[in-house]
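> 3D model of this:
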Amino acid sequence: MALDSYKTAFDNAYQDIFDKVLVAMKVANLRFEPALKYGQSIQRVLPNIDAVRVRTVTRGSASTVDSITDTTETLTVNHEKEAVFYISDGEVTQCGPLNPGEYFGTHIGAKVAADLDAKVFVEVLQAASDFDAGDLTTASSTGTALELTSTTVPQLVTRMPAKLKYRYNLPLSDMVFVIDSYSAADIAQYLLGKQFDVVESVFKNGYAGNISTAEVYISENLTSQAVLANVGAATVFTAAAQTLTINGVTFQLLSGTAVANAGDISFYGDTATATERGNVLVEVLNDVYTSVTNHYVALSDASAALLLGGGSGELSVSASAGAVTIKAIGCGKLAVSESCSGLAISTSPYIHCYFGKRGGIDVVVQDLSPVEMRKTSTMRGTNVFSSYLAGIRTFTDGSKKFLDVMILC
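Okay, the predicted model is just below:
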């Protein structure tokens, strides 16, 4: 069977999986999309009228003239990602009616689509205002993620629009709420499931129904985070076989330099400084696919995929003053546990969800080719390319159109 005989079906299947995964396109603002190409940028001038006051008129006296200012913000098309796989002619022939290109292409296409979704939804962290446990009963955020319960869910769905209205006087129309499946299931449970259907959302491009003033979308490509404390303490990592587990993947933390198994991390012995200890975790977790001689053994592909939400997400890890912040971009809910002397999870994992007006995040998708198939020159077979080219930016005025809703994992 020649490759050309299934190309059309392959293209359709690929595009179909993209449409189902790309929840971000239901939420983002695509106004600049036709105008830009790779490397190009668009500048927006944002006026600031905060200094202009409504003043009492004093007859016979000169008016007070206030000043307005402006700032320039830029969106650049600079996100270019791809996934490539190879199919031999022999594999196609032996598979008979089973089409390996279509089968693997749809799954790999989902990975590429999920990566774009993840890059859009990490922009939720740019919201001008958070919504957390403090907002459930007061008008102020406290920085503490909220837990979904029979008490907090009704408070959540009624007070989120109230905060946007109070803070920015936004009209509460064309609103969306993007959450992960577990959070959606909890909300449905506490609202008796009358507002939306989590199960049916997979057949509706993520749309699950409505609650309060908003359409609800389900995405597993949101960003979550947690913080480890005491990483630089002298008592941490001084014994053998201590562990740190993230999303079901266990890293063994060693005191010496004898790393042997996948996931082994060495902390340069017992004389490491606080800065070094934090930097080791940052270096390792930011690139779990690459071994570091004497200090780290790379994860298997299967473990890395489990850690990174199917392989389309990524960890963004930073260290400061003996604390390590783990952000799981596009990985959905984050699970972190440890069995280490002195180490502590100082901030429990929580997920960043989007609530607000549609269009708060600007996205330019310059190229989302369904598939490109190229015959190889040195082997009998075909390389299949899945890719996208995009620009993403949350402008200052856009950041006031939505809330970063912080929900415990």
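> please make it C-alpha for all contacts and neighbour counts, starting now.
OK.
> can you map out the helices along the stretch 201-350 of the chain?
For the stretch 201-350 of the chain, the helices defined by DSSP state H, counting those that start in this stretch cover 274-285, 301-307.
> now Ser399: closest residue in space that isn't a chain neighbour?
Excluding its sequence neighbours, the residue lying closest to Ser399 (CA to CA, 6 or more residues apart in numbering) is Ala127, at 4.5 Å.
> was I right to think the one you found contacts Asp404?
Yes: contact between Ala127 and Asp404 holds when scored by CA atoms under 8 Å: they sit 5.7 Å apart.
> give me the more crowded residue out of those two.
Just comparing Ala127 and Asp404: by other CA atoms under 10 Å the higher neighbour count belongs to Ala127, 25 against 22.
> list the contacts for that one?
The neighbourhood of Ala127, defined by CA atoms under 8 Å, 6 or more residues apart in numbering, consists of 399-404.
> scan the residues you listed and report the most crowded one.
Using other CA under 10 Å as the contact criterion, the top neighbour count among those goes to Phe402, which has 32 neighbours.
> tell me which other helices or strands the strand ranked longest in the chain touches.
For the chain, the strand reaching the highest residue count under DSSP state E is reported as strand 69-88. In terms of contacts (3 or more CA pairs under 8 Å, 6 or more residues apart in numbering; DSSP states H and E), strand 69-88 is packed against strand 41-48, helix 100-121, strand 381-393.
> CA atoms of that strand as CSV?
What follows is strand 69-88 as a C-alpha-only set of coordinates in CSV (Å, rounded to 0.1, in the frame of the first residue of the first chain):
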residue,chain,number,x,y,z
THR,A,69,0.8,58.7,29.2
ASP,A,70,1.3,55.6,27.1
THR,A,71,3.3,52.5,27.0
THR,A,72,4.3,50.3,24.1
GLU,A,73,3.9,46.5,24.2
THR,A,74,5.0,43.9,21.7
LEU,A,75,3.7,40.5,20.5
THR,A,76,6.3,38.5,18.5
VAL,A,77,5.7,35.4,16.5
ASN,A,78,8.5,33.2,18.0
HIS,A,79,7.0,29.9,19.2
GLU,A,80,8.0,27.3,16.6
LYS,A,81,7.6,23.7,17.7
GLU,A,82,7.4,20.3,15.8
ALA,A,83,7.2,16.6,16.3
VAL,A,84,8.6,14.2,13.7
PHE,A,85,8.4,10.5,13.2
TYR,A,86,9.4,8.0,10.5
ILE,A,87,7.4,5.2,8.8
SER,A,88,9.1,2.7,6.6
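> quick one: buried residues of that strand?
Neighbour-count burial for strand 69-88, counted by 16 or more other CA atoms under 10 Å, picks out 75-79, 87-88.
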